[in-house]
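*Asks:* here's my sequence, what's the structure:
(one chain, ligands or ions: 1)
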Amino acid sequence: MGWRGMLGFEYGIVQAPLGPDISGPELVAAVANAGGLGLLRAPDWEAPDYLRDLIRKTRSLTERPFGVGVVLAFPHNENIKAILSEKVAVLQVSWGEYSEELVLEAHSAGVKVVPQVGSFDEARKAVNAGVDAIIVQGREAGGHVIGQDGLISLLPMVVDLIGDRDIPIIAAGGIVDARGYVAALSLGAQGICLGTRFVASEESYAHPEYKRKLVEMDKTEYTDVFGRARWPGAPHRVLQTPFFSNWKNIPAHENEVNQPIIGRSTIHGIEKKIHRLAGTVPNVTTTGDIDSMVMFAGEGVGLIREILPAGEVVKQLVEGAQLLVHTKFSGL
Ligand SMILES: Cc1cc2nc3c(=O)[nH]c(=O)nc-3n(C[C@H](O)[C@H](O)[C@H](O)COP(=O)(O)O)c2cc1C
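*Replies:* Sure, this is the predicted structure:
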């Protein structure tokens, strides 16, 4: 194990599962090869054979362990069976209930279970279910935001809840560079989970225009205007693009269903029409009015200045954090 490793990984750096298909085999393998934990993202529908292929493709790009993220708000039982039978290192879950039985089943397949939570109560449930680590998401996070609390207050509360138990806590939300990493460590985390920083990497499947905006723009907002019909009750943090600023005050009963089609994407092998106000970020295959599509981003987006190879992101986080601890905090 290297500096601040956890769960058997060399470093305590996690690349979040990025829906719907932004964290594919190339990104996950690049993170794994750099010593971090990369997470594929399972489709939002049952597609076990497709998922097995994704896992195998990733294995052809790295010999290191990696994991898969599943959003429990969508159909997932067959997908989880495929994940367990493929014996990936980690099953990440979010947005829904999971049982102690599932955790036991995963453990007997040699798979660790790592939920992402957005509140103290959810963290307590996770501990009771016997999970292996917990990702604590603050309201600063990009993408769908589970809870209301900021990371700086929620994280130490969960750390206190865990006490002496061997359950690493992983901080998520607004972390982009080594300063955020060291801050999370000082709050009691053993690792960090980054989404937006990895969307803006060379290997992510995000559309180049989305990546460009992550570098150029620096403001985000917490909203519920995108994807209201498909995934109600799931607020999200997005880039404040001109499109978003024009549409953010639409009435509560409006949603994507009656809106015109503004583009098309192939998502996990299936061609999809993208309606205006849909909650689907543009990927490399997306055509149409990209500027009017949702672009998830966390509050740290203003710190992203360039698109980097994902391995370089991991390296800069580790080396930067080591330097920071050495120069600012040693010998106090
Ligand atoms: C484009 C995008 C897609 C995301 N998709 C998922 C997902 O499928 N499952 C999940 O648990 N979290 C997802 N997240 C949230 C991340 O897990 C994580 O909480 C968040 O990215 C952390 O904040 P940051 O973006 O500021 O690093 C997504 C985030 C982004 C930016």
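*Asks:* so which bits of this protein are right by the ligand?
*Replies:* Those residues of the chain that sit near the ligand, judged by C-beta under 6 Å from any ligand atom, are 16-19, 22, 41, 69, 71, 94, 116, 137, 140-143, 172-175, 193-197, 199, 281, 296, 298, 300. For the C-beta atoms, the positions are set from N, CA and C on the backbone; glycine is no exception.
*Asks:* let's see which of those end up in strands.
*Replies:* The strands, defined by DSSP state E, take in 41, 69, 71, 94, 116, 137, 143, 172, 193, 194 from the residues of the chain next to the ligand.
*Asks:* just give me the closest of those residues to residue 205.
*Replies:* Checking these against residue 205 with C-beta to C-beta, the nearest one is residue 41 at 9.7 Å.
*Asks:* nearest residue to the closest one in space, please, no chain neighbours.
*Replies:* Spatially, and ignoring its direct neighbours in sequence, residue 41 is nearest to residue 17 (4.1 Å; C-beta to C-beta, 6 or more residues apart in numbering).
*Asks:* likewise for residue 222?
*Replies:* residue 237 (5.3 Å).
*Asks:* which strand or helix spans the one you found?
*Replies:* strand 236-239 (DSSP states H and E).
*Asks:* what's in contact with that strand?
*Replies:* Outside strand 236-239, the residues that touch it by C-beta atoms under 8 Å, 6 or more residues apart in numbering are 139-145, 213-214, 217, 219-224, 226-227, 244, 279, 294-299, 301.
*Asks:* show the subsequent helix or strand relative to it.
*Replies:* Following strand 236-239 in sequence order, the next helix or strand is helix 242-247 (DSSP H and E).
*Asks:* ok, residues contacting that next one?
*Replies:* 221, 223, 225, 238, 277, 291, 292, 293, 294.
*Asks:* dump these to TSV, plus pLDDT.
*Replies:* What follows is the contacts of helix 242-247, written out as TSV (pLDDT from 0 to 100):
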residue	pLDDT
221	98
223	98
225	98
238	98
277	98
291	98
292	98
293	98
294	98
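*Asks:* so in terms of bridging, what pairs with residue 275?
*Replies:* residue 261 (DSSP bridges).
*Asks:* how many residues are close by it?
*Replies:* Neighbours of residue 275 under the rule other C-beta atoms under 10 Å: 21.
*Asks:* cool, residue 194 as well?
*Replies:* When neighbours are counted by other C-beta under 10 Å, residue 194 comes out with 30.
*Asks:* in contact with it, which residues?
*Replies:* Contacts for residue 194 were tallied using C-beta under 8 Å, 6+ apart; they are 13, 14, 15, 16, 172, 175, 176, 313.
*Asks:* can you tell me which two in these are farthest apart?
*Replies:* By the measure C-beta to C-beta, 172 and 313 form the most distant pair in the contacts of residue 194, at 15.0 Å.
*Asks:* can you give the domain ranges for this protein?
*Replies:* If you go by automatic domain parsing, the domain ranges for the chain are 13-203+306-327, 208-301.
*Asks:* residue contacts, the residue nearest to residue 41?
*Replies:* Neighbouring residues of residue 17 by C-beta under 8 Å, 6+ apart: 23, 39, 40, 41, 42, 68, 69, 70, 92.
*Asks:* make TSV out of the residues you listed and add pLDDT and neighbour count.
*Replies:* Shown next, in TSV, are the contacts of residue 17 (pLDDT from 0 to 100; neighbours: other C-beta atoms under 10 Å):
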residue	pLDDT	neighbour count
23	98	30
39	98	31
40	98	27
41	98	25
42	98	31
68	98	29
69	98	23
70	98	26
92	98	27
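*Asks:* most widely separated two among the residues you listed?
*Replies:* The widest separation within the contacts of residue 17 (C-beta to C-beta) is 12.7 Å, between 23 and 70.
*Asks:* all helices of the stretch 51-200 of the chain, in order?
*Replies:* Counting by DSSP state H, counting those that start in this stretch, one finds helices in the stretch 51-200 of the chain at the ranges 77-86, 100-108, 120-129, 151-162, 178-186, 196-199.
*Asks:* distance of residue 120 relative to the ligand?
*Replies:* Using C-beta to the nearest ligand atom, to the nearest Å, one gets 17 Å for the distance from residue 120 to the ligand.
*Asks:* could you report the neighbour count for that residue?
*Replies:* As a burial measure, residue 120 scores 16 neighbours (other C-beta under 10 Å).
*Asks:* verify the stated contact: residue 289 with residue 262.
*Replies:* Yes - at 4.3 Å, residue 289 counts as touching residue 262 under the criterion of C-beta atoms under 8 Å.
*Asks:* picking that back up, please identify the most buried of the domains of the chain.
*Replies:* Ranked by mean neighbour count, these are led by domain 13-203+306-327 with a mean of 21 (mean count of other C-beta atoms under 10 Å).
*Asks:* first vs last residue of that domain, how far apart are they?
*Replies:* Start and end residues of domain 13-203+306-327 are separated by 21 Å (C-alpha to C-alpha, to the nearest Å).
*Asks:* shaky segments in this protein?
*Replies:* In the predicted model, the chain carries pLDDT under 70 at residues 1-4, 332.
*Asks:* of all the residues in the stretch 1-150 of the chain, which one is nearest the ligand?
*Replies:* With C-beta to the nearest ligand atom, the shortest gap between the stretch 1-150 of the chain and the ligand falls at residue 143, namely 2.5 Å.
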